[in-house]
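Engineer: Here's a sequence, model it:
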Amino acid sequence: RVIVLEKREYMGGNTNSSTGGINAAGTSYQKALGIEDSKELYFHDTMEGGHNLNDPELVHALVDNAPSVLDWLASMGGDFTDVGIMGGSSVRRTHRPEGGLAIGPHLMKILSNEARAKNVEIRTANTVLDILKSPDGRASGVKVRQKNGRDYTISARSVVIATGGFGGNLDMVTRYRADLKGFGTVNHKGATGDAFAWVEKFGAELYQMEMIQIHPTVEAKNSLLITEAVRGNGAILVNGAAERFVNEMDTRDVVSSAILKQDKGRAFLLFDQAVRASLSSIETYDRQGLLISANSLEDMAAKTELNADALKKSIERYNGFQAKGQDEDFHRSGTQMPRPIAEAPFYAVEVKPAIHHTMGGIHIDSKARVLNKEGKVVGGLYACGEVTGGVHGGNRLGGNGVADIVVFGKTAGASAADNL
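Structural biologist: Residues are numbered from 1 along each chain as shown. Sure thing, here's the model as predicted:
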């Protein structure tokens, strides 16, 4: 019998806002599109992107299991036929629904439908207060509070922690990273890091808690995330002088740092109708009123208060690089420049970095078993997703967050079942 406890009124957390996709290498979807990739290259990209601070055992588990987990999700109705590229990846390996639809809502739909079909009991507005510990040191259940304030307990031989990160708890963020004080966050209000207090009694190791990622392209006024896939499909970044200043497809920490060095710590994400047509998730940004649109570059310059001549020069120079497949200024690869910026109307979003992902958390092994400070397994206790630490090291690559939750989520479920 499986019970899912969710403290909010709805399931999904940050996954509901995820738009990028799921990274996997050597998949049937890549082969159908003629994309050459390998698990070795995926492992290398993930380790390099994380500054080699990742736990290699966990990265191998992520890379090795991602293709089969994609097939498992596809068996439930998942669509992963659109394969794009995200910053730090050498090739196109970010899988998402046809047309570039947002991955998060798609995943939540198929997973929640499958859970209900399997008679999994889902209790929303039920807040876990603590994990119970048996006399022999194992996890033995949870203490829960209902919306009406009534507390109750559930006894269980296996407990899986899948509570997400702590990017919505700015006090906790600044406790580990004082330099992030004053930053906005794109995290939902429930991402508060509750689980870390629950596991203290088990001596669980909290691993790399200071590894906190800021995302470079967050809409400046409303702190709404603009997926990296927009850049992957051809957008560029310009500063207040209407000039490019970074390889837009570098890792998130590098691009964020470059934006923060610009005037007012902001930039403009620029793209055209061809990019918009290639990625359905952009339509959400339009409905949210985030897009500045213009029928000409002169009009765009006026609306963004950029110099028109400088803007046209920057885009002409980028388009020249795109045509040659070689970025002489910032070394963006030809694969990362799939189309020029040439088809009106043109679009822009003013962006600045904000807190996005917490890479640190509860240390687990490749079977998603919680480890204590001595590196020993805590009986009956499992964890997966952003609540864990070690998979991403010092910086998470786009597309690896959702890969993490589905790979280690499935692994945690299998391990918890084996324990029974």
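Engineer: mind listing the strands for the stretch 1-150 of the chain?
Structural biologist: 3-5, 22-23, 82-84, 94-96, 121-123, 126-133, 139-146 (DSSP state E, counting those that start in this stretch).
Engineer: Redo the ones you listed as JSON lines? Include mean neighbour count and mean pLDDT.
Structural biologist: The way it works is simple: take the backbone N, C-alpha and C, and place the C-beta from them, glycine included. Formatted as JSON lines, the strands of the stretch 1-150 of the chain follow (neighbours: other CB atoms under 10 Å; pLDDT from 0 to 100):
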{"stretch": "strand 3-5", "mean neighbour count": "15", "mean pLDDT": "97"}
{"stretch": "strand 22-23", "mean neighbour count": "30", "mean pLDDT": "98"}
{"stretch": "strand 82-84", "mean neighbour count": "23", "mean pLDDT": "96"}
{"stretch": "strand 94-96", "mean neighbour count": "29", "mean pLDDT": "98"}
{"stretch": "strand 121-123", "mean neighbour count": "13", "mean pLDDT": "97"}
{"stretch": "strand 126-133", "mean neighbour count": "18", "mean pLDDT": "98"}
{"stretch": "strand 139-146", "mean neighbour count": "18", "mean pLDDT": "98"}
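Engineer: could you dump those strands to TSV with distance to residue 36?
Structural biologist: Converted to TSV, the strands of the stretch 1-150 of the chain look like this (distance: least, CB to CB, whole Å):
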stretch	distance to residue 36
strand 3-5	39
strand 22-23	15
strand 82-84	12
strand 94-96	15
strand 121-123	41
strand 126-133	45
strand 139-146	44
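Engineer: With respect to residue 319, which of those strands lies nearest?
Structural biologist: strand 82-84 (20.3 Å; CB to CB).
Engineer: Quick one: distance of the closest one to the chain centre.
Structural biologist: 16 Å (CA atoms, centre = their mean, to the nearest Å).
Engineer: Which secondary structure elements does that strand sit against?
Structural biologist: strand 94-96 (3 or more CB pairs under 8 Å, 6 or more residues apart in numbering; DSSP states H and E).
Engineer: who does the strand it packs on pair up with?
Structural biologist: Strand 94-96 has the following strand partners under DSSP bridges: strand 22-23 (antiparallel), strand 82-84 (antiparallel).
Engineer: Check the model's average confidence along stretch 26-35 for me.
Structural biologist: What stretch 26-35 shows for mean pLDDT is 97.
Engineer: now do the same end-to-end measure for it.
Structural biologist: The straight-line separation of the ends of stretch 26-35 (CA to CA, to the nearest Å) is 9 Å.
Engineer: In it, which residues are buried?
Structural biologist: Buried residues in stretch 26-35, counted by 16 or more other CB atoms under 10 Å: 26-27, 29-30, 35.
Engineer: Pick the one among those residues closest to residue 406.
Structural biologist: Of the buried residues of stretch 26-35, the one sitting nearest to residue 406 (CB to CB) turns out to be residue 27, at 13.2 Å.
Engineer: Look at residue 365 and say how many residues are nearby.
Structural biologist: Residue 365 is flanked by 18 other residues according to other CB atoms under 10 Å.
Engineer: List the residues that contact it.
Structural biologist: 57-58, 371, 377 (CB atoms under 8 Å, 6 or more residues apart in numbering).
Engineer: Check these against residue 195 and report the nearest one.
Structural biologist: Taking the contacts of residue 365 together and measuring to residue 195 by CB to CB, the closest member is residue 371, at 14.5 Å.
Engineer: my guess is the closest one meets residue 363, correct?
Structural biologist: Yes - the pair residue 371 and residue 363 qualifies as a contact (CB atoms under 8 Å) at a distance of 4.7 Å.
Engineer: list residues touching both of the two?
Structural biologist: 204-205.
Engineer: Low-confidence bits of the stretch 301-420 of the chain, can you list those?
Structural biologist: Filtered on pLDDT under 70, the stretch 301-420 of the chain yields no residues whatsoever.
Engineer: could you pull out the helices for it?
Structural biologist: Taking DSSP state H, counting those that start in this stretch, the helices of the stretch 301-420 of the chain run over residues 308-324, 400-419.
Engineer: out of those, nearest to residue 295?
Structural biologist: Comparing those by CB to CB, helix 308-324 comes nearest, at 13.7 Å.
Engineer: Okay, buried residues for that closest one please.
Structural biologist: 311-312, 314-315, 318-319, 321-322.
Engineer: same deal with stretch 149-159?
Structural biologist: For stretch 149-159, by 16+ other CB under 10 Å, it's 154, 156, 158-159.
Engineer: what do you get for stretch 232-249?
Structural biologist: Under 16+ other CB under 10 Å, the buried positions of stretch 232-249 are 232-239, 242-249.
Engineer: Serialize the strands paired with strand 94-96 to JSON lines and add fields for distance to residue 92.
Structural biologist: JSON lines is the format used below for those (distance: least, CB to CB, whole Å):
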{"stretch": "strand 22-23", "distance to residue 92": "10"}
{"stretch": "strand 82-84", "distance to residue 92": "5"}
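Engineer: To residue 341, which of the strands of the stretch 1-150 of the chain lies closest?
Structural biologist: strand 82-84 (17.2 Å).
Engineer: Let me know the pLDDT of residue 298.
Structural biologist: 97.
Engineer: Could you grab the helix/strand/coil label for it?
Structural biologist: helix (DSSP: H, G, I helix; E, B strand; the rest coil).
Engineer: ok, back up a step: now for the contacts of residue 365: which two are most distant?
Structural biologist: Longest span within the contacts of residue 365, CB to CB: 58 and 377, 14.6 Å.
Engineer: of these two, who's got more company?
Structural biologist: Using other CB under 10 Å as the criterion, residue 58 and residue 377 rank with residue 58 on top: 24 against 15.
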